[in-house]
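# this one's structure only:
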């Protein structure tokens, strides 16, 4: 299945994150040896342990809800945090990144689904903070795009609409806040059940787990 997904992505500029949460190291190595180098985890402690056991050329993405007190576990090595859903969290990432003397790339997570259980910002609070002096003082985080999760539903019209909404948020921030930034370019949306729609709507990163590793 990995080969088919990669084939689907060859004509796009979309990056594949293989979501390896809950999967053992030997399963991850199987996918690694097929050429995949970007993996995503949603638990900080689990990610730290896997990082220490697996090849060091793996690019690790954190894709789940991140607690501020767990940032220190992944700050030394994480490549991209997809799930910045509060300014308190962004400041915590900046603080821990400064201790490592490295800049951590981050995506702002927006709430685009109908479910109340999903985390995320709204565009008004995002623009207010991103244009504030406080944000300008954060030297160890780099906002490189946005992330969102569509409603878990078979209604593809709704899913497409939610992805369009996220792409619209990206475009608004690009125009109003990051017009001159070459780094602000990522739209992380699309998972196993809806990645094809996400790509059609402008996704640059898809997060796929069950199609690669099987059901959890």
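Thanks, I have the structure now. Because the structure is a prediction, the values reported are computed rather than measured. Residues are numbered from 1 along each chain as shown.

# From the contact counts, what lies against the top helix by length along the chain?
As assigned by DSSP state H, the longest helix anywhere in the chain is helix 156-176. Under the contact criterion of 3 or more CB pairs under 8 Å, 6 or more residues apart in numbering; DSSP states H and E, helix 156-176 touches helix 123-130, strand 141-147, strand 186-188, helix 195-200. For every residue, glycine as well, the C-beta is placed using N, CA and C.

# List the buried residues for it?
Buried positions in helix 156-176, judged by neighbour count with 16 or more other CB atoms under 10 Å: 159-160, 162-163, 165-167, 169-170, 173.

# now do stretch 14-25
Using 16+ other CB under 10 Å as the test for burial, stretch 14-25 gives 14-21, 23.

# Just put those residues in TSV and tack on distance to residue 52, pLDDT and secondary structure.
Shown next, in TSV, are these (distance: CB to CB, whole Å; pLDDT from 0 to 100; DSSP: H, G, I helix; E, B strand; the rest coil):
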residue	distance to residue 52	pLDDT	secondary structure
14	29	94	coil
15	24	96	strand
16	24	97	strand
17	20	98	strand
18	19	97	strand
19	19	98	strand
20	15	97	coil
21	17	96	coil
23	16	96	coil
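
# Next, give me the two most distant ones among the residues you listed.
14 and 23 (22.1 Å; CB to CB).

# where in the chain is pLDDT low?
The chain contains residues with pLDDT under 70 at 117-118, 216.

# One more pass at 90, please.
Counting by pLDDT under 90, the ranges of the chain that qualify are 1-13, 114-119, 214-216.

# where's the most centrally placed residue in the chain, which helix or strand?
Geometric centre of the chain, nearest residue: residue 82, 2.7 Å, by CA atoms, centre = their mean. In the assignment (DSSP states H and E), residue 82 maps to strand 80-84.

# Could you list the buried residues of the following helix or strand past that strand?
Where DSSP H and E defines the elements, the next helix or strand beyond strand 80-84 is helix 87-100. By neighbour count with 16+ other CB under 10 Å, helix 87-100 contains the buried residues 87, 89-98.

# between these, which is nearest residue 185?
Proximity of the buried residues of helix 87-100 to residue 185 was ranked by CB to CB; the top entry is residue 90 with 18.7 Å.

# That closest one contacts residue 81, doesn't it?
No. Counting by CB atoms under 8 Å, residue 90 does not reach residue 81; the two are 9.1 Å apart.

# what is in contact with those two at once?
Taking CB atoms under 8 Å, 6 or more residues apart in numbering as the criterion, residue 90 and residue 81 both touch residue 106.

# Name the surrounding residues that touch the longest helix of the chain.
Residues contacting helix 156-176 (CB under 8 Å, 6+ apart): 108, 110, 112-114, 123, 126-127, 130, 145-148, 150-151, 153, 181, 184, 187, 189-190, 194, 197-198, 200-203.

# do the same with stretch 193-211
For stretch 193-211, contacts defined as CB under 8 Å, 6+ apart pick out 1, 5, 8-9, 12-21, 40, 61, 63, 82, 145, 147, 150, 152, 156, 159-160, 163-164, 167, 170, 185-192, 216.

# Between the two ends of it, how far is it?
End-to-end span of stretch 193-211 (CA to CA, to the nearest Å): 9 Å.

# One more: stretch 14-32?
Using CA to CA, the end-to-end distance of stretch 14-32 comes to 19 Å.

# Just list the residues touching the residue nearest to the centre of the chain, thanks.
Residue 82 sits next to 40, 61-63, 107, 109, 147, 188, 205, 207 when contact means CB under 8 Å, 6+ apart.
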